[in-house]
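Peer 1: Could you work out the structure for the sequence below:
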Amino acid sequence: MNTTCTIALLALSLVPAPTPAAAAPPAAAAVQLAPGDLTWMPAPPVLPKGVQLAVLSGNPFAEGFTTLRLKIPPHTMLAPHWHPTAEGFTVLQGTFHIGMGDQVDKAAAKALPAMSYASLPAMHHHYAYTADEGVVIDLSFYGPFQIHYVHPADDPSQVAATKP
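Peer 2: Next comes the predicted model:
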């Protein structure tokens, strides 16, 4: 073996071995859910009464990416609000109405029928509502979930707290 090859082999032997795969962050678990696999529960009190949710992936109360399925009853108003992170949703069933701004203006809202998608940037003021039919959406966001009502009196958890 010539001197150049010996020096190259010696240099390679001094390079540290790659870090084992265990040092990498753990991969997210695969998720496959049929409709019957979903566990429905009442939404937190910061959402209107009657809204139900099922966690599809992630943990809505922890940092990280989460997808929820929401069932929103007929004639439900999500008053003007914003979130500190971006969100996206797909309408699976019904027609969901969404508008932008600090005041509800149903004439300016857009009707999103089933198979529609919306993406809203962080801190974007918006409102949403259902009409005569219930709506089912898949909602994705980076958690933990937070909702800030533009008008604090619109927060359903505050309204519920003041009732006897």
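Peer 1: quick one: least confident helix or strand in the protein?
Peer 2: Of the helices and strands making up the chain, the lowest-confidence element is helix 3-14, at a mean of 39, by mean pLDDT, DSSP states H and E.
Peer 1: That one: what's the following helix or strand?
Peer 2: Next in sequence after helix 3-14, counting helices and strands by DSSP states H and E, comes strand 41-42.
Peer 1: Who are the packing partners of that following strand?
Peer 2: Applying 3 or more Cβ pairs under 8 Å, 6 or more residues apart in numbering; DSSP states H and E, we find strand 41-42 packed against strand 52-57. For glycine as for every other residue, the C-beta is placed from the backbone atoms N, C-alpha and C.
Peer 1: how about the CA coordinates for stretch 140-148, as CSV?
Peer 2: Below are the C-alpha coordinates for stretch 140-148, written out as CSV (Å, rounded to 0.1, in the frame of the first residue of the first chain):
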residue,chain,number,x,y,z
SER,A,140,-55.5,21.7,11.3
PHE,A,141,-53.2,24.0,13.3
TYR,A,142,-50.0,24.2,15.2
GLY,A,143,-50.9,23.9,18.9
PRO,A,144,-51.6,24.4,21.6
PHE,A,145,-55.1,25.5,20.5
GLN,A,146,-55.9,29.1,21.4
ILE,A,147,-58.8,31.3,20.4
HIS,A,148,-59.0,35.0,21.2
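Peer 1: which intervals of this protein have sub-threshold pLDDT?
Peer 2: Within the chain, the ranges that satisfy pLDDT under 70 run 1-28, 160-164.
Peer 1: Can you name every helix or strand that the helix or strand hosting Ile137 contacts?
Peer 2: Mapping Ile137 onto the secondary structure by DSSP H and E places it in strand 135-143. Taking 3+ Cβ pairs under 8 Å, 6+ apart as contact, the helices and strands that strand 135-143 lies on are strand 64-72, strand 87-93.
Peer 1: Save those strands as JSON lines, and put in distance to Leu56 too.
Peer 2: Shown next, in JSON lines, are these (distance: least, Cβ to Cβ, whole Å):
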{"stretch": "strand 64-72", "distance to Leu56": "4"}
{"stretch": "strand 87-93", "distance to Leu56": "11"}
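Peer 1: Tabulate those strands in TSV, adding columns for mean neighbour count and distance to Asp102.
Peer 2: Shown next, in TSV, are the helices and strands packed on strand 135-143 (neighbours: other Cβ atoms under 10 Å; distance: least, Cβ to Cβ, whole Å):
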stretch	mean neighbour count	distance to Asp102
strand 64-72	19	21
strand 87-93	18	18
